[in-house]
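Asker: Turn this into a model:
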Amino acid sequence: FGGIEPEAFFTEEGAGVLVLSKEKGNTSFGNNKNRGARIDGMTITGADTGGGVTVNAFADFLEISNLRVVNNSAFFAGGVRVGHPMLTDQQGNNLVYSDASNDNVRIHHNTITQNGGLDGAGGGVALHTGSDDYEVSDNFVCGNFTNAGGAGIAHFGLSENGLIKDNSVLFNENFNQGISVNGGGILVAGLPA
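Answerer: Numbering: from 1, shown residues only. You can find the predicted model right below:
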């Protein structure tokens with residue numbers, strides 16, 4: 001794109017790991033031979049605008065595991081973000097939130113600490129519309145901050161059959177003097193209509 005690209009990935013630039021995928025074809029994550037892609041066994045720190053791990057769309061069956069995601073910041077979700085928080089589609093006379101189609105993503109056995117989000121849900125982990133059948137399990141989520149809801153873990157928007165289990169969610173904080181915020185530890189919420 002050549003420099004900061006406000007049209008496509010303005011809030012993703014500067015991510016520690018940025019995952020982009022095709023919707024269809026031989027190289028898509030949903031293709032049987034490509035299932036099981038993973039981000040595993042490393043430390044991600046110091047990302048300044050896109051967060052530690054940012055998964056855009058069409059990353060079906062992605063596994064995010066055994067990471068130390070520490071001291072990252074982002075516009076949306078400083079630690080791990082799956083999907084896009086506010087992208088909409090025009091359907092007739094209605095605007096609907098876009099389905100990112102990040103199905104069957106597993107986030108497990110990670111240490112996600114001291115990350116911050118300026119806006120949007122999730123200081124530590126955020127799952128957005130279209131993260132159907134996700135699993136967030138056995139993570140240590142501690143000391144994350146956001147100016148919005150769900151400082152530890154946030155499920156924001158329509159994602160069916162999600163599972164959040166066996167996580168340690170401690171000392172996460174959300175605070176904003178200008179608006180009401182909810183879910184210092186965990187937030188499960190729909191998007192505004």
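
Asker: low-confidence ranges in the chain?
Answerer: 1-13, 177, 192-193 (pLDDT under 70).

Asker: Mind telling me which residue is nearest the centre of it?
Answerer: Centre of the chain computed as the mean C-alpha position; nearest residue by Cα atoms, centre = their mean is residue 81, 1.5 Å away.

Asker: who's in contact with it?
Answerer: 51, 53, 54, 55, 74, 122, 125, 126, 128 (Cβ atoms under 8 Å, 6 or more residues apart in numbering). For every residue, glycine as well, the C-beta is placed using N, CA and C.

Asker: repeat that with 6 Å
Answerer: When contacts are counted by Cβ atoms under 6 Å, 6 or more residues apart in numbering, residue 81 touches 51, 54, 126.

Asker: Take the residues you listed and lay them out in a markdown table including neighbour count and distance to residue 90.
Answerer: Shown next, in a markdown table, are those (neighbours: other Cβ atoms under 10 Å; distance: Cβ to Cβ, whole Å):
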| residue | neighbour count | distance to residue 90 |
| --- | --- | --- |
| 51 | 32 | 28 |
| 54 | 29 | 25 |
| 126 | 32 | 24 |
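
Asker: Narrow the residues you listed to those in strands?
Answerer: 54, 126 (DSSP state E).

Asker: want to throw the contacts of residue 81 into a markdown table with distance to residue 70?
Answerer: What follows is those, written out as a markdown table (distance: Cβ to Cβ, whole Å):
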| residue | distance to residue 70 |
| --- | --- |
| 51 | 12 |
| 54 | 16 |
| 126 | 17 |
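
Asker: Just the closest of the contacts of residue 81 to residue 92, please.
Answerer: Residue 92 has its nearest neighbour among those in residue 126, at 28.7 Å by Cβ to Cβ.

Asker: My read is that the closest one contacts residue 77, right?
Answerer: Yes: contact criterion Cβ atoms under 6 Å: residue 126 and residue 77 qualify, at 3.6 Å.

Asker: What is the end-to-end distance of stretch 107-124?
Answerer: 12 Å (Cα to Cα, to the nearest Å).

Asker: right, I mislabeled it, should have said stretch 19-37
Answerer: 11 Å.

Asker: now do stretch 150-161
Answerer: OK, stretch 150-161 end separation, Cα to Cα: 19 Å.
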